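>>> okay, here's the prediction I keep looking at, along with the sequence it came from:
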Amino acid sequence: MKRLFLLICIFCFAVSVNAYSMNYMVGVKSGYFVWEPYIKELKGGGISDIDKGSGVLYGPVISVMFTPDLSFSIAGLYGEQSAHWSSPNTATTWDSQPDAVIDVSGLYTVDITRIDIDSALSYRLTGNFKIFAGYKYQRIEALMKIEERRFAVINSTDNVLYESEWEYITPAQGPALGVGFSIPFGGSFFLSSNFSFIYMWSSFKVTEVRTRSYDVGTYGDLDYANSEYTVSKDVWDFDSRQAGINFEPSIGAVVGDTGVIFNVSARIQYMRIEFVDEMEAAPGGWVTDLFYGAYVSVLYTF
């Protein structure tokens, strides 16, 4: 995934550099982002307990200006986010054991790898307003690690330590349409904002990477001899579609005649995801995915 991301950046940079008769802009951006995952709304396996994932993402920004009004840009974000949390003892009645109540306590970790690539062809209608059409590629990989202790309230000998790893992969791509505006003030400063509608086709695949359960004795000792172990088993593989909005306000400054531009920006991406195939884990068929954060970008124009 990293190699694909770097190849796209190098290709776009080469295209812009070879456009001698055009103005162009290159730069980088980096910031801190939070992900409130759609998988939190799914049922089963402790998924609903997933906490927010957060971390630093970074990537290139490249723009080619064909005319003062027409331009093409591409921007990317790549990085890792993580979430760690624990749950106290909770009384749970399992579907397979309707007459048994089990206390469950656990430690959970989710490591997320995210890649976002946004491209847009923009046309300036007036000095302050523009419209743009683009295409978005997004891939999210989440690895969830679970360690739970399950103690039967009725039968104290039926105690288990449960360990598992689950991988959730959601690649998505699709078009976007939007509008933007910018307002200069104070000489070299400006305010700007972009608002777009996004529609993407996506898939949702879940793999049970590893599962192990141990019998726990009356005194909490693990019975390794009677442990059960499974490896790599596909659980879900569904097509899905996403629709939502992306909003990015920012404040920037042009540094004299150097061609350098600084931006401080925020980003909010709100998506609703529908599973095309019937999926019992997604009540109502729709789940919400929210991604937001703040970032700084440094650009150089030629």
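That came through fine.
>>> where in the stretch 1-150 of the chain is pLDDT low?
Applying pLDDT under 70 to the stretch 1-150 of the chain flags residues 1-22, 43-49, 87-105, 150.
>>> can you do 90?
1-24, 35-53, 67-68, 82-110, 126-127, 142-150 (pLDDT under 90).
>>> the strands in it, which residues?
For the stretch 1-150 of the chain, the strands defined by DSSP state E, counting those that start in this stretch cover 23-36, 53-65, 70-93, 101-124, 129-152.
>>> now those as a markdown table including mean neighbour count and distance to residue 295?
Bear in mind the C-beta positions are built from the backbone N, C-alpha and C, glycine included. Compiled in a markdown table, the strands of the stretch 1-150 of the chain are given as follows (neighbours: other CB atoms under 10 Å; distance: least, CB to CB, whole Å):
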| stretch | mean neighbour count | distance to residue 295 |
| --- | --- | --- |
| strand 23-36 | 18 | 2 |
| strand 53-65 | 19 | 8 |
| strand 70-93 | 16 | 8 |
| strand 101-124 | 18 | 12 |
| strand 129-152 | 18 | 16 |
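>>> what's the closest of these to residue 299?
Ranking the strands of the stretch 1-150 of the chain by proximity to residue 299 (CB to CB) places strand 23-36 first, at 3.4 Å.
>>> now that closest one against strand 101-124, angle please.
Note on geometry: by axes from the mean of the first three to the mean of the last three CA atoms, to 10 degrees, strand 23-36 and strand 101-124 are set 160 degrees apart in direction.
>>> neighbouring strands - and their directions - for strand 23-36?
Strand 23-36 pairs in its sheet with strand 53-65 (antiparallel), strand 286-301 (antiparallel), by DSSP bridges.
>>> that older thread, in CSV: the strands of the stretch 1-150 of the chain, plus distance to residue 265.
Output for these, formatted as CSV (distance: least, CB to CB, whole Å):
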stretch, distance to residue 265
strand 23-36, 8
strand 53-65, 11
strand 70-93, 11
strand 101-124, 13
strand 129-152, 16
